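# What shape does this take:
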Amino acid sequence: MRIPTSTYRIQFHAGFDFEAARQIVPYLKALGISDLYASPIFQARKGSTHGYDVVDPGQINPELGGGEKFEELWEALNQQQMGWVQDIVPNHMAYDGQNHMLMDVLESGPNSDFIDYFDVNWNHSYLGIQGRILAPFLGDFYDKCLESGQIQLRYDADGLSINYYTLRFPLNIDTYADVFTYNLGKLRRKLGRSHPDYIKLLGILFSLRFIPSKEDLLERTDQINFAKHSLWELYTSSQPVQNFFDENIATFNGKPGDPSSFDLLDSLLARQNFRISFWKVGAEEINYRRFFTINELISLRIEDREVFRKTHQLILKLVEQGRFTGLRIDHIDGLFDPEEYLHRLRERCSETYIVVEKILESEEKLPQQWPVQGTTGYDFLNKMNGLFCQEQNVDAFDSLYHNFTRLQQLPEQVIEEKKRLIIERNLSGDMDNLAFLLKQITSHHRYANDFTLYSLRRALVEVLVCFPVYRVYIREGILDATGQEIIRQAVEQAKENLPILVNELNFIQRFLCLEFLDNLSEQEKNEQIYFAMRLQQLAGPLMAKGVEDTAFYVYNRLLSLNEVGGDPCRFGVSVQEFHRFNQERAAHWPLAMNASATHDTKRGEDTRARLNVLSEIPAEWERNIKLWHELNINYKVRSKNFKRSELPDRNDEYFLYQTLLGSYPFQQEEVPQFVQRVKDYLIKAVREAKVHTAWLRPDTDYEEATTSFIEQILQAPNPFLESFLPFQRKIAHFGIFNSLSQTLVKLTSPGIPDIYQGTELWDLSMVDPDNRRPVDFSRRMAYLEEIQRRAKQEPRGLIEDLLLHRSDGRIKLFLLHQVLKIRQKQPQLFHEGGYTPIQVSGSHQEHVVAFARHHGKQVLITVVPRLLTQLIDETQDPCGEAIWKDTHIHLPRWKRVEWVNGLSEEEISAGEDIPIGAILKTFPVALLCGQSR
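Numbers count the residues shown, from 1 in each chain. Next comes the predicted model:
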């Protein structure tokens with residue numbers, strides 16, 4: 001197995017394709033990156049900016065350069081001895097006309113070879129859906145779209161199709177005759193019964209009535225293709241036939257203003273294998289599983305071996321050919337049986353580095369039996385981030401937040417409320433399906449016979465709202481003790497919330513814990529297992545949408561803690577807890593990824609580093625927000641709605657001030673663009689919050705008031721900016737040291753450090769799409785060449801220059817480059833080495849984090865500062881003995897080792913105690929490299 005020493009995540013799209021990536025391979029190699037980490041590269045919807053909307057997993061995306069350019073990029077990496085970690089998407093595909101497997105299902109229905117590929121309940125009981133798949137893509141109610149002529153029947157070389165703007169769905173092959181036999185007598189009278197074109201048309205239509213079933217798939221496919229080809233040939237060669245077809249299609253398409261003229265098309269649509277509907281219907285009535293709440297992404301039944309084989313054929317081929325040396329599994333919790341999938345994948349990829357995108361809550365552990373190298377690193381991100389949040393100030397922050405916003409809800413209450421909101425507003429149909437399934441399964445249980453569908457649904461909602469993790473895992477009909485305890489915990493909380501349904505909840509607990517009754521048959525046991533696993537597939541999307549995509553935009557106490565996989569109920573992580581986490585990681589998951597920024601993080605890594613500074617100075621922060629509110633009160637819109645007095649409200653205003661502090665650019669020339677970015681971001685944020693406006697029901701008054709407020713407070717000169725900018729510069733000053741500290745901690749902790757594209761310089765981005773803006777690689781290349789040259793010629797002068805011009809980000813690039821070089825020289829130390837916390841003593845011991853990585857005679861010691869506002873002011877750096885006084889690290893184990901700072905190349909005197917002032921003499925962080933005597 002090839003183990004990366006570091007990865008670099010690239011977001012591929014038409015604007016940054018394989019050729020663009022090939023051109024930066026020498027830069028990545030020089031930086032110290034060992035493996036390219038690629039976003040999905042298989043054929044996605046045209047114009048896709050992310051690649052997760054796959055339409056054909058068997059083809060390399062032509063918009064990225066196709067197979068030829070893929071090979072050229074791989075060859076460039078191979079020449080540099082670099083690996084390729086590929087992000088794959090086993091959970092879902094795009095629900096789109098470009099998805100030929102799905103379109104075959106819509107055309108042939110149960111006779112499609114792909115009928116079982118997609119996670120669809122074809123026997124759904126809701127009127128109008130049974131035997132069909134919902135297609136919730138209309139922009140308005142069905143009748144309005146139909147009678148306005150927006151839904152159109154069309155005919156071309158590919159056959160008949162239903163069209164709605166760019167959406168194109170094939171007509172059910174069994175309904176072609178409905179169109180082509182309509183008013184057939186008119187064509188007969190024009191041509192005559194014996195005309196060859198008329199006879200040919202009759203023969204084709206007759207053949208369509210007797211198409212073989214899927215049992216004779218090849219013959220069926222050939223006959224359909226032959227019939228379509230023959231119809232098109234007839235259409236293009238015979239003017240009377242062409243006129244007849246065109247007239248029929250025009251008749252079916254109706255005339256706006258004449259409702260009855262759409263009856264034919266309405267009847268035709270009723271016979272399709274899909275039911276086209278208003279997109280909002282998908283929230284309340286749905287018969288297919290989606291990715292979270294996105295109607296346009298339909299889930300796969302990847303647990304089916306044939307589906308696995310078909311969708312992974314090219315992936316496995318590229319693994320076997322050595323093109324892919326690693327795989328990243330997207331949304332592992334969406335799969336019916338994640339562990340079974342991973343074992344199946346591992347069987348075919350025995351020597352492949354595999355990580356999973358798995359969100360772990362603060363005390364949750366990745367299942368040890370999973371055959372993977374670990375997670376993609378959100379668990380590490382949140383533990384590391386918590387190091388730079390001042391735990392002792394939690395009460396002060398609670399108080400100032402509640403006083404300013406006038407909101408009194410605890411984070412636990414916000415999370416519970418928003419999960420309920422998501423269930424009823426976005427996942428109502430999914431919830432109904434789950435409740436109906438439970439009712440069907442339990443209807444023959446005398447213990448549950450009197451439980452109504454209504455009461456079962458209420459009880460299930462309560463359990464899911466109280467579920468503390470994304471999901472638990474059932475393997476071969478067994479739920480382990482950890483999973484059972486999580487379910488019991490959720491049910492106990494549900495009983496407190498809903499005591500009237502205690503009987504239903506007790507039954508659900510036994511059902512989900514797989515406590516089988518003695519008289520159950522194997523079929524009944526399997527039904528119980530099936531339901532429990534189905535519930536787990538819904539628990540994850542609810543957690544993601546309820547917490548990360550809603551509560552994180554409502555509970556805004558300290559935004560740096562509102563991160564993917566984060567816990568807003570917690571305020572910081574102690575040094576001891578972080579060491580314990582790293583020790584466990586070294587013991588069990590030493591090859592997992594260490595992330596600090598991804599394409600999905602809520603804000604840039606250096607934005608978080610800045611915001612954490614606020615945790616150290618609650619009193620100063622409170623004084624400022626109160627002042628800013630007074631200075632900006634006249635920029636707000638007075639609301640006519642009695643429920644809110646000002647627009648934007650205080651909570652969104654509080655959110656905005658943190659956003660400005662965290663993301664305000666170092667360079668003044670970037671400010672105009674920054675203002676527009678903030679406006680775009682705040683609209684997304686207030687919609688995600690779903691308090692005053694939402695994606696489903698936008699409130700333009702609130703949104704316009706918010707953007708107007710932003711424009712006015714950021715229009716210089718004004719009193720707000722005069723107050724804000726000095727404080728912002730102070731936060732940015734201390735944020736730089738947090739950034740350097742977290743960068744070194746990420747690079748040297750157990751795990752494989754992942755660098756998200758562009759973050760080798762300051763990453764002050766906001767949530768996507770802001771964090772997917774183009775990266776200026778030419779600038780980074782020039783910086784790196786300068787750093788490499790000057791590091792050899794004048795290392796001390798280089799460091800002085802980097803500190804003097806720290807705002808340009810070269811100091812972060814320098815740190816990354818220096819440590820990545822060390823990682824490449826000592827891979828075993830980082831892949832297999834132990835982790836030992838280093839004791840810090842002295843008057844400022846709480847402001848230092850130190851640990852050793854060691855393997856055989858190799859040893860490295862990381863030393864970083866934190867919580868610096870109590871030690872220095874905004875004109876100082878945390879360097880030298882005058883700052884650190886008597887603070888030192890204690891090294892009895894390695895007291896005879898000679899040390900060199902791997903960053904500054906300074907020699908440091910050996911001994912049991914080494915002063916922090918000597919370690920951090922000229923640079924804010926240090927990596928001590930041990931040299932045996």
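
# For the closest residue in space to residue 475 that isn't next to it in sequence, give its distance to residue 329.
Here the nearest residue to residue 475 in space, its sequence neighbours aside, is residue 339; by CB to CB, 6 or more residues apart in numbering that works out to 5.0 Å. Every C-beta, even on glycine, is put in place using the N, C-alpha and C of the backbone. Note on residue 339: its distance to residue 329, by CB to CB, to the nearest Å, is 12 Å.

# Could you list the domains of this structure?
Structural domains assigned to the chain are 7-91+302-357, 100-291, 410-527+545-554, 833-933, following automatic domain parsing.

# More neighbours: residue 339 and residue 329, which one.
residue 329 (22 against 18; other CB atoms under 10 Å).

# Excluding chain neighbours, what is closest to that one?
residue 356 is the one closest to residue 329 (CB to CB, 6+ apart), at 4.6 Å.

# what's across from that neighbour in the sheet?
residue 329, residue 375 (DSSP bridges).

# Quick one: residues contacting it.
Contacts for residue 356 (CB atoms under 8 Å, 6 or more residues apart in numbering) come out as 328-329, 332, 338, 342, 366, 370, 372, 374-376.

# Could you point out the member of those residues that lies closest to residue 647?
Checking those against residue 647 by CB to CB gives residue 376 as the nearest, at 38.8 Å.

# okay, now the closest one: neighbour count?
28.

# pLDDT value on it, please?
pLDDT for residue 376: 98.

# distance of it from residue 351?
20 Å.

# Distance to residue 404 added to the contacts of residue 356, as TSV?
Listed next are the contacts of residue 356 as TSV, based on distance: CB to CB, whole Å:
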residue	distance to residue 404
328	41
329	42
332	39
338	42
342	46
366	38
370	44
372	44
374	40
375	36
376	35
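
# ok, of the residues you listed, which one's closest to residue 899?
Distances from residue 899 to these, taken by CB to CB, are shortest for residue 374, at 30.6 Å.

# Need the nearest residue in space to that closest one, chain neighbours excluded.
Excluding its sequence neighbours, the residue lying closest to residue 374 (CB to CB, 6+ apart) is residue 592, at 2.3 Å.

# Could you do residue 313 as well?
residue 58 (6.0 Å).

# before we move on, back to that, which among the domains of the chain is found nearest to residue 571?
Closest among these, once you apply CB to CB, is domain 410-527+545-554, at 9.8 Å.

# Show me what counts as buried in stretch 149-168.
Counting neighbours by 16 or more other CB atoms under 10 Å, one finds that the buried residues in stretch 149-168 are 151-153, 155, 159-162, 164, 167-168.

# So which of those residues sit within helices?
In this view, these have no member that belongs to helices under DSSP state H.

# And the residue most central in space within the chain, how far from residue 375?
In the chain, the residue lying closest to the centroid (CA atoms, centre = their mean) is residue 600, at 4.5 Å. Distance of residue 600 to residue 375, computed by CB to CB: 13 Å.

# Check residue 452 too.
Noted for residue 452: a distance of 41 Å to residue 375, by CB to CB.

# still on that earlier bit, so who does the residue nearest to residue 374 touch?
355, 373-377, 380, 585, 750-752.

# likewise residue 517?
Counted by CB under 8 Å, 6+ apart, residue 517 has contacts 445, 447.

# And stretch 412-427, what's buried?
Within stretch 412-427, the residues that count as buried by 16+ other CB under 10 Å are 414-423, 425-427.

# Redo these as JSON lines? Include distance to residue 446, pLDDT and secondary structure.
Formatted as JSON lines, the buried residues of stretch 412-427 follow (distance: CB to CB, whole Å; pLDDT from 0 to 100; DSSP: H, G, I helix; E, B strand; the rest coil):
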{"residue": "414", "distance to residue 446": "41", "pLDDT": "96", "secondary structure": "helix"}
{"residue": "415", "distance to residue 446": "37", "pLDDT": "96", "secondary structure": "helix"}
{"residue": "416", "distance to residue 446": "33", "pLDDT": "96", "secondary structure": "helix"}
{"residue": "417", "distance to residue 446": "37", "pLDDT": "96", "secondary structure": "helix"}
{"residue": "418", "distance to residue 446": "38", "pLDDT": "97", "secondary structure": "helix"}
{"residue": "419", "distance to residue 446": "33", "pLDDT": "97", "secondary structure": "helix"}
{"residue": "420", "distance to residue 446": "32", "pLDDT": "97", "secondary structure": "helix"}
{"residue": "421", "distance to residue 446": "36", "pLDDT": "96", "secondary structure": "helix"}
{"residue": "422", "distance to residue 446": "34", "pLDDT": "96", "secondary structure": "helix"}
{"residue": "423", "distance to residue 446": "29", "pLDDT": "96", "secondary structure": "helix"}
{"residue": "425", "distance to residue 446": "36", "pLDDT": "93", "secondary structure": "helix"}
{"residue": "426", "distance to residue 446": "36", "pLDDT": "94", "secondary structure": "coil"}
{"residue": "427", "distance to residue 446": "31", "pLDDT": "96", "secondary structure": "coil"}
